[in-house]
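Undergrad: here is my input; please provide its structure:
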Amino acid sequence: MTSFVRTEVHGDVLLVVLNRPEKRNAFNARMNGEFGAALAAGQEHGCIVITGSDPSFCSGLDLRADPADLPSSGYEVGWAEMHRSRVPIIAAVNGPAVVGGLAMVVNADFAVASERATFRDTELQVIGYGNRELMSGLQRRVGSAWTRQMTLTGLPVDSGTALRIGLVNEVVPHEQVVARALELAGAVAAQDPAAVSTMRREWDAVAGLPPATALWLHEDYLRPFADAPTAFLDESRVKGLLGRK
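TA: Presented below is the predicted three-dimensional model:
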């Protein structure tokens, strides 16, 4: 039986590939279970990269599948399950990302896109109301005005626009999108995992707070790492970070 989600290990990075291309990598219960298991396995690595089997990244839920079957997979729907990840997630967006696929992009720590990628929220037109993950998540990523345009019109945004509005960090040639995401993931995975995990929690906690409050909270998050600056007393480490011999 063909797996709907494939995984590959690249050093300390787990590559997760959505593998239902004939359904535009749409989720049914079985795929949801495989994706949840892949994310769970990814917690043993330093970073996770998510991409799709061409030509699509992900089109969200399979509308021909029964949503009531999803709980049988043992996991929340994939893009919501991403919130549980203790390690960073990078989306390598290789093609159209629609509704749930778009939610995967905004729930990732950041995204790299192929020049072929497009981004679209059609939940209002299809279901009659906004997607739970996108109502707040998309707004945090691109701001109120672009969220309203994408959600109220249902029209796609191309990769160039996605880059300009901050939905993705980089746009690269299609054949390089996974390689570039893996390169970035390798750099992330090389960092101290405890510090990375704590910093991710701090970013979420201080989002939207006044600067003074954010600085006050920072001291609490920093406390377990209070000795970290002393590492720079080690001249060999400083030279290594600066790329000097």
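Undergrad: which strand or helix spans residue 17?
TA: strand 13-18 (DSSP states H and E).
Undergrad: any idea how far the residue nearest the centre of the chain is from residue 82?
TA: Taking C-alpha atoms, centre = their mean, the centroid of the chain lies closest to residue 108, which sits 1.6 Å from it. Separation of residue 108 from residue 82 (C-beta to C-beta, to the nearest Å): 7 Å. Yep, even glycine has a C-beta here, placed from its N, CA and C like the rest.
Undergrad: which neighbours do these two have in common?
TA: The contact sets of residue 108 and residue 82 overlap at residue 89 (C-beta atoms under 8 Å, 6 or more residues apart in numbering).
Undergrad: ok but residue 51 is inside a strand, no?
TA: Yes. Membership of residue 51 in a strand is supported by DSSP: H, G, I helix; E, B strand; the rest coil.
Undergrad: list the contacts for it?
TA: 15-18, 57, 91-94, 177-178, 181.
Undergrad: run through the bridge partners of residue 110.
TA: Beta-bridge pairing for residue 110 (DSSP bridges): residue 90.
Undergrad: so what's residue 95 up against?
TA: For residue 95, the contact set (C-beta under 8 Å, 6+ apart) comprises 52, 54-57, 114, 116-118.
Undergrad: listing partners with orientation, what would you give for the strand holding residue 17?
TA: Here, using DSSP bridges, strand 13-18 pairs with strand 5-10 (antiparallel), strand 47-52 (parallel).
Undergrad: pLDDT below threshold where in the protein?
TA: The chain contains residues with pLDDT under 70 at 228-245.
Undergrad: now the strands for the protein?
TA: Along the chain, the stretches classed as strands by DSSP state E are 5-10, 13-18, 47-52, 89-93, 97-98, 110-114, 118-120, 157-158, 170-172.
Undergrad: list the contacts of stretch 104-111.
TA: Contacts of stretch 104-111 (C-beta under 8 Å, 6+ apart): 50, 57-58, 78-80, 82-83, 88-93, 97, 119, 133-134, 137-138, 140-141, 167-169, 200.
Undergrad: can you show me the helices along the protein?
TA: Ranges of helices in the chain, per DSSP state H, are 29-42, 78-81, 100-107, 123-126, 132-142, 144-153, 159-165, 177-189, 193-206, 211-222, 235-241.
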